[in-house]
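# Fold the stuff below for me.
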Amino acid sequence: MTELVDFLDEVLGSLEMAAMCLAVGGVVWGLFVLRPWRSLGEGASAAAACCTGVLRAGAVGVVFARLSALAAKAWIIFAALGGAPSAAFLRTPLFQASVARVGMAGGLAVAATWLRRRPQSPVRWVACAFPAALLVATGAWLVHAASRLEGRAELMVLTTLHELGAASWAGGVAQLVVVWQRRRRHPELDALWPVVLRRFSAVGVSAVLLVLATGSALGRAYIGSWRYLVGTGYGAIVIAKVGLLATALALATLNFRAARRWSREGADAALYTRVPFFIEAELALLFALLFAAGALTSLPPAVDTPGEAASWVEVIEFFSPKAPRVTSPSHAAAVASARQDPLAPADENSTPAGAWSEFNHNVAGLFLLCTGLLALLERTRRVPWARHWPLGLLLLAVFLLFRNDPETWPRGSVGFWTSLRDVNVLQHRLAMLLAGTLGLFEWRARSRRAAGSGLPYIFPALGLGGGILLLIHAHSAFEAKSDFLIQMSHTAMGLLAVQVACARWLELRLTPPAGRLAGLGAVLAMLLIGAILAFYRETPVAPVRAAEARPHGVGGRARVRPADLRDR
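Here you go, the predicted model:
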């Protein structure tokens with residue numbers, strides 16, 4: 001149960017970061033982009049109302065997420081220490097920084113309400129800027145920087161600036177999306193759209209440069225070397241962040257060029273036909289990036305775990321292609337193996353529980369490869385029945401239902417509700433539900449096309465959620481080397497799943513040929529996920545000690561034991 005609360009705490013931390021970006025980014029947007037105290041035409045009032053509404057919602061979200069996370073941390077501490085005195089917890093820097101953060105977010109929410117009544121007042125905007133700045137500063141006490149013995153002050157300053165840059169970028173992109181969406185109810189925002197886009201270009205470039213500069217410095221401090229970047233769980237998440245950042249920057253560059261062309265030539269159709277949809281995809285990527293950043297808080301910096309770092313040779317050998325496992329041990333053998341002490345040395349290089357899990361992953365990969373190939377056939381428009389390819393995801397969900405976590409329902413002795421107390425089982429169930437829901441709704445969307453239907457957009461929305469789930473999936477604080485190698489594959493799949501979701505979104509939003517090209521990118525990313533699963537190996541390679549092996553279910557660790565769950 002403690003692991004489940006810890007996972008929820010990690011999710012709440014990521015949501016808090018996203019809410020902080022909306023709040024602080026809203027202040028930056030108002031001060032440097034919107035500037036409502038100057039005339040912006042008829043759309044000024046509507047734009048100011050949108051901005052202050054998002055700003056206030058973000059501040060309230062920070063209050064809710066921080067209080068919930070604080071309660072979760074208190075529960076974990078008290079459960080671990082057997083009921084520690086509450087006074088000791090109240091004196092911790094964590095509690096005090098959390099209280100300060102809640103106070104600053106609450107103050108910002110009140111200031112935003114005051115601002116909403118008169119958004120043309122520069123004094124009220126400055127009044128919002130003070131709690132917003134302090135809100136960012138309090139975040140430095142809740143991350144790794146506050147616990148360092150050397151260079152603490154410098155790292156805390158870098159963290160503050162890094163979060164300020166991220167908030168200015170992500171919060172500004174969110175404001176752009178809101179302005180674009182509100183055009184339906186406020187047509188006067190049409191004339192304002194290219195103006196705010198051009199103004200945000202300068203702010204966005206500054207924010208990106210700040211993120212890159214501070215992120216590089218923090219990376220050197222927390223990772224230390226190229227080996228730790230590739231060979232640790234912390235480094236793997238950083239690589240995923242870089243991948244998401246690179247994709248977001250590519251979209252941002254296209255938007256920046258369109259805004260520059262509008263400034264020079266006075267007209268550019270792309271500002272209305274492509275740029276808004278690139279911005280929507282950019283926001284999705286930044287949202288996933290914030291969750292990846294939240295996952296880093298659950299992992300120790302790579303420089304602190306040099307003994308657990310895998311070498312380049314181990315990483316390359318572990319991820320080298322192999323023949324998929326197409327035979328599985330019996331259910332009884334897998335359950336008996338999973339009940340053994342996972343730290344006990346194995347007599348062979350592969351245990352039945354590990355072989356069971358490897359079979360699950362490899363077969364799931366074959367499912368996805370076949371599904372992706374059918375999706376490619378559909379794109380040729382020469383095989384009409386290939387449009388039913390999403391049913392492959394539904395079949396995959398059924399397969400996972402009966403194969404994941406052999407000790408639990410429906411084939412094991414642990415009941416359904418009892419098994420959900422284990423965070424790994426819970427995530428496996430969510431992954432299975434996502435796969436089935438994606439397959440069902442995408443099949444309906446492709447077989448029953450209707451004008452104005454929202455069914456096609458369910459796939460990118462749920463796909464983004466699945467990618468985020470893989471990015472934050474089951475990362476323990478001090479995981480063994482073999483655990484890290486396995487988790488790295490899930491991180492790579494999470495990164496690709498986010499790319500699938502964004503590419504599918506652009507396919508739906510853009511007109512051909514750009515839309516078709518984005519759709520092809522989504523299918524290719526799905527095929528890469530299938531290849532990772534098909535080549536997945538549960539058994540550690542030679543350089544990794546057999547005693548480090550852990551059986552995993554599809555999607556992550558499955559170390560649940562019936563007796564343990566019944567005792568919780």
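
# Where do the strands of the chain begin and end?
552-553, 556-557 (DSSP state E).

# Help me confirm that A270 comes into contact with A259.
No: look at A270 against A259 with Cβ atoms under 8 Å: they stay out of range, at 9.6 Å. Every C-beta, even on glycine, is put in place using the N, C-alpha and C of the backbone.

# Give me the more crowded residue out of the two.
Taking other Cβ atoms under 10 Å, A270 and A259 do not tie; A259 has more neighbours (23 against 16).

# for this protein, which helix is longest?
Ordering each helix of the chain by length in residues (DSSP state H) puts helix 44-81 first.

# worst average pLDDT in the strands of the chain?
Of all the strands of the chain, the minimum mean pLDDT falls on strand 556-557 (a mean of 38).

# And the helices in the stretch 401-550 of the chain?
Along the stretch 401-550 of the chain, the segments classed as helices by DSSP state H, counting those that start in this stretch run 416-419, 423-447, 458-471, 481-509, 514-534.

# meant to ask about the stretch 251-400 of the chain, not that
270-273, 275-296, 312-318, 331-338, 352-380, 391-403.

# Would you tell me which one of those is buried the most?
Ranked by mean neighbour count under mean count of other Cβ atoms under 10 Å, those are led by helix 275-296, which reaches a mean of 24.

# got the angle for that helix vs helix 514-534?
20 degrees (axes from the mean of the first three to the mean of the last three Cα atoms, to 10 degrees).

# what ranges of the stretch 201-350 of the chain fall below the confidence cut-off?
266-268, 340-350 (pLDDT under 70).

# There's contact between A497 and G466 in this structure, I believe.
Yes: using Cβ under 8 Å, A497 makes contact with G466 at a distance of 5.3 Å.

# Contact partners for the residue lying closest to V63 once chain neighbours are set aside?
Using Cβ to Cβ, 6 or more residues apart in numbering and skipping residues adjacent in sequence, the residue nearest V63 is A105, 4.8 Å away. By Cβ atoms under 8 Å, 6 or more residues apart in numbering, the contact set of A105 is 20, 23, 59-60, 62-63, 66, 131, 135.

# cool, and A140?
146, 156-157, 159-160, 163 are the contacts of A140 under Cβ under 8 Å, 6+ apart.

# Out of those, which comes closest to L115?
When the contacts of A140 are ranked by distance to L115 (Cβ to Cβ), E163 comes first, at 22.1 Å.

# dump the residue contacts of that closest one.
With Cβ under 8 Å, 6+ apart, E163 has these contacts: 17, 20, 136, 139-140.

# distance of K322 from F367?
18 Å (Cβ to Cβ, to the nearest Å).

# just to revisit the earlier point, distance check, the residue nearest to V63 against L4.
Taken as Cβ to Cβ, the span from A105 to L4 is 26 Å.

# Same question for the longest helix of the chain: list its buried residues.
Judged by neighbour count using 16 or more other Cβ atoms under 10 Å, the buried positions of helix 44-81 are 44, 46-48, 50-52, 54-63, 65-70, 72-77.

# Compute the number of surrounding residues for the nearest residue to G519 once chain neighbours are set aside.
Excluding the flanking residues, the one nearest G519 by Cβ to Cβ, 6+ apart is E507, at 3.6 Å. Residues near E507, counting by other Cβ under 10 Å, number 22.

# shouldn't E507 be in contact with V523?
No: using Cβ under 8 Å as the test, E507 is too far from V523 to be in contact (9.6 Å).

# what separates V326 from W29, distance-wise?
V326 is 54 Å from W29, by Cβ to Cβ.

# higher neighbour count, these two?
With neighbours defined as other Cβ under 10 Å, V326 and W29 compare such that W29 has more, 30 against 9.

# Identify the residues contacting that one.
51, 171-172, 175, 200, 203.

# Ok, P352 next?
329-330, 333-334, 336-337.

# Ok, D9 next?
For D9, counting by Cβ under 8 Å, 6+ apart, the contacting residues are 69, 72-73, 76.

# and of those, the nearest to A191?
For the contacts of D9, the nearest to A191 is A69 (42.2 Å; Cβ to Cβ).

# That closest one and M17 touch, don't they?
No: counting by Cβ under 8 Å, A69 sits too far from M17 to count as a contact (10.7 Å).

# returning to what we had before: please report how far the residue nearest to V63 lies from A132.
Taking Cβ to Cβ, one finds A105 at 9 Å from A132.

# what stretches of the stretch 451-568 of the chain score poorly on pLDDT?
In the stretch 451-568 of the chain (pLDDT under 70), the answer is 451-452, 474-483, 539-568.

# Can you report how many residues neighbour A250?
12.

# just to revisit the earlier point, identify the farthest-apart pair in the contacts of A105.
R66 and P131 (14.0 Å).

# Report the contact partners of G494.
240, 467-473.

# how does it look with 7 Å?
240, 467, 470-471 (Cβ atoms under 7 Å, 6 or more residues apart in numbering).

# ok, back up a step: pretty sure the residue nearest to G519 contacts P513?
No: assessed by Cβ atoms under 7 Å, E507 is found out of contact with P513, at 11.1 Å.

# Assess the claim that F287 and A18 are in contact.
Yes: counting by Cβ under 7 Å, F287 does reach A18; the two are 6.2 Å apart.
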